[in-house]
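Peer 1: Quick one: sequence plus predicted model below, questions after.
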Amino acid sequence: MAGDATTTARPYAEAVFQRAVETDKLDLWSEMLEMLATAAADPTLAGVLAGPGLSREQKAELVLEIGGGRLSEEGQNLVRLLAENNRLGVLPEIAALFAQRKAEHEGTVEVELTTAYPLKPAQEKLLADALKAKLGREVRIASHEDPELIGGFRLRAGDMVIDSSVAGQLNQLAHELGL
């Protein structure tokens, strides 16, 4: 299902990205899409948008009202277009694809780092420098803590995933043993 949503979202994300580059408004579009994606991902709103209770126009107006003036005219037009095509539910995927294209355009990579314990700033900088050397791009790290990892870390940068957590190693061992 997620693959279908990504496939549906890709042309919208690409069109928005191209327009953002043309008008030199990448940051504005990032902010608008993040806000729209957060709203659309809310379980209550997602249910309303997916349900038959409101017309497509009413759904668009609901999302625009939630936007509360934080959407440019082009952002409002995007909401109306998505509502007209019954695609408001793919806003989170559009935002994610847009963010990915923006990072590529700016020569950066977003890295999601999950650790069992908080890293010291010096450790995070060392990791960022190593990733920059490996990937040849500026690195922005978003750190999260998950005590269930037990120890080590899990790193995701685009399609690259490195899982050197104790929990990951235990899962791999269990899989190899057929447990």
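Peer 2: Noted; the coordinates are in hand. Predicted model, so just to flag it, every value in this text is computed and none were measured. Residues are numbered from 1 along each chain as shown.
Peer 1: Where do the domain boundaries of this structure fall?
Peer 2: Under the assignment automatic domain parsing, the domains of the chain span 2-103, 109-176.
Peer 1: Could I get the average pLDDT for the longest one?
Peer 2: Put plainly, it is domain 2-103. Across domain 2-103, the average pLDDT comes to 93.
Peer 1: can you give me the offset of it from its chain's centre?
Peer 2: Taking the mean of its C-alpha atoms, domain 2-103 sits 12 Å from the chain's own mean (C-alpha atoms, centre = their mean, to the nearest Å).
Peer 1: Switch the domains of the chain over to CSV; also include mean neighbour count.
Peer 2: Glycine gets a C-beta too; all of them are placed from N, C-alpha and C. Output for those, formatted as CSV (neighbours: other C-beta atoms under 10 Å):
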stretch, mean neighbour count
domain 2-103, 16
domain 109-176, 14
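Peer 1: Could you pull up the contacting residues of the nearest residue to Pro147 once chain neighbours are set aside?
Peer 2: Take Pro147 and drop its neighbours on the chain: the residue closest to it by C-beta to C-beta, 6 or more residues apart in numbering is Ala116, 5.8 Å away. Taking C-beta atoms under 8 Å, 6 or more residues apart in numbering as the criterion, Ala116 is in contact with Glu145, Asp146, Pro147, Glu148, Leu149, Ile150, Gly151, Gly152, Phe153, Ser165, Val166.
Peer 1: Which ones among these lie within helices?
Peer 2: With DSSP state H as the criterion, helices contain Val166 from among those.
Peer 1: Distance check, Ala122 against Arg137.
Peer 2: Look at Ala122 and Arg137: by C-beta to C-beta, to the nearest Å, they are 21 Å apart.
Peer 1: Just give the closest residue to the residue most central in space within the chain, not the sequence neighbours.
Peer 2: Most central residue of the chain, judged by C-alpha distance to the mean C-alpha position with C-alpha atoms, centre = their mean, is Ala96 at 3.4 Å. Beyond its immediate neighbours in the sequence, the residue positioned closest to Ala96 (C-beta to C-beta, 6+ apart) is Ala37, lying 7.4 Å away.
Peer 1: what does Phe17 give?
Peer 2: Closest residue to Phe17 in three dimensions, ignoring its sequence neighbours and counting by C-beta to C-beta, 6+ apart: Arg101, at 4.5 Å.
Peer 1: Could I get the full set of strands for the protein?
Peer 2: 108-115, 138-145, 153-157, 160-163 (DSSP state E).
Peer 1: can I get the ones you listed in a markdown table with mean pLDDT and distance to Gly47?
Peer 2: Below are the strands of the chain laid out as a markdown table (pLDDT from 0 to 100; distance: least, C-beta to C-beta, whole Å):
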| stretch | mean pLDDT | distance to Gly47 |
| --- | --- | --- |
| strand 108-115 | 90 | 27 |
| strand 138-145 | 90 | 27 |
| strand 153-157 | 90 | 29 |
| strand 160-163 | 88 | 31 |
